[in-house]
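>>> pasting a predicted model and its sequence here:
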Amino acid sequence: MKSEYKRDINGNYLVLYENEEPDTSSYQMRMLVGNSIPSILKCRVQGVDGQFMVCYDITSKQSLLSLYEEKKMGYEDLQMILGGFVQVMEDMSEYLLNPCRLVLKPEYMYVDVEKRQIYFCYLPGWDGKLSQSFHQLTEYFVRTLDYGDTNGIVLAYELHKATLQENYNLGEI
């Protein structure tokens, strides 16, 4: 997946390029573009010269990747991220969106630092395996931990350990 950042007079945007023309009449695309889903980044779909892109509004937000480059992740940070994950799963269920289209990569997860709220990219053309993506996210948690925060260490390692099980149930975790 190719991505870039754009800025205009109205704000900052993350642009993800689709390899194929998205089905703009699909239920998921209409739900995503036509509604304001609280924990999913607002977006619009554009086509230019045969190339299709999904533009996410990331104004006043930082990606997890950039936020935790310098700073280490602690227990409260993990609680915020996991609470946001539970919330986005509930929001997607309410709008009948397929959870496998959620992009669980730190560079595509955004935090409003003032509100301490996390937002996710939902990409209808994305075909991720949710359990595998969540496991990779727990590996990221372990790598960026503040190893002075005992509660954070316990939470991150327990999550990571649980995702190592074959056919683990994300709902139980």
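Received it, and whenever you're ready, just let me know what you need.
>>> burial count for the nearest residue to residue 107 once chain neighbours are set aside?
Spatially, and ignoring its direct neighbours in sequence, residue 107 is nearest to residue 65 (4.4 Å; CB to CB, 6 or more residues apart in numbering). Every residue, glycine included, has its C-beta placed from N, CA and C. For residue 65, the neighbour count with other CB atoms under 10 Å is 15.
>>> as a check, name the ranges of all helices in this structure.
In the chain, the segments counted as helices under DSSP state H are 27-34, 64-70, 75-94, 130-143, 150-163.
>>> TSV please, covering these and showing distance to residue 100 and mean pLDDT.
Converted to TSV, those look like this (distance: least, CB to CB, whole Å; pLDDT from 0 to 100):
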stretch	distance to residue 100	mean pLDDT
helix 27-34	11	87
helix 64-70	20	94
helix 75-94	10	96
helix 130-143	5	94
helix 150-163	16	94
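>>> okay if I get the ones you listed as JSON lines plus distance to residue 172?
Putting those into JSON lines (distance: least, CB to CB, whole Å) gives the following:
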{"stretch": "helix 27-34", "distance to residue 172": "26"}
{"stretch": "helix 64-70", "distance to residue 172": "24"}
{"stretch": "helix 75-94", "distance to residue 172": "13"}
{"stretch": "helix 130-143", "distance to residue 172": "12"}
{"stretch": "helix 150-163", "distance to residue 172": "8"}
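>>> for residue 55, which of those is the nearest?
Smallest distance to residue 55 across these (CB to CB): 10.7 Å, for helix 27-34.
>>> next, give phi and psi for the residue located most distally from the centre of the chain.
Centroid-distance maximum for the chain: residue 49 at 28.0 Å, with CA atoms, centre = their mean. Phi and psi for residue 49, reported as degrees, to the nearest 10, are phi 50, psi 40.
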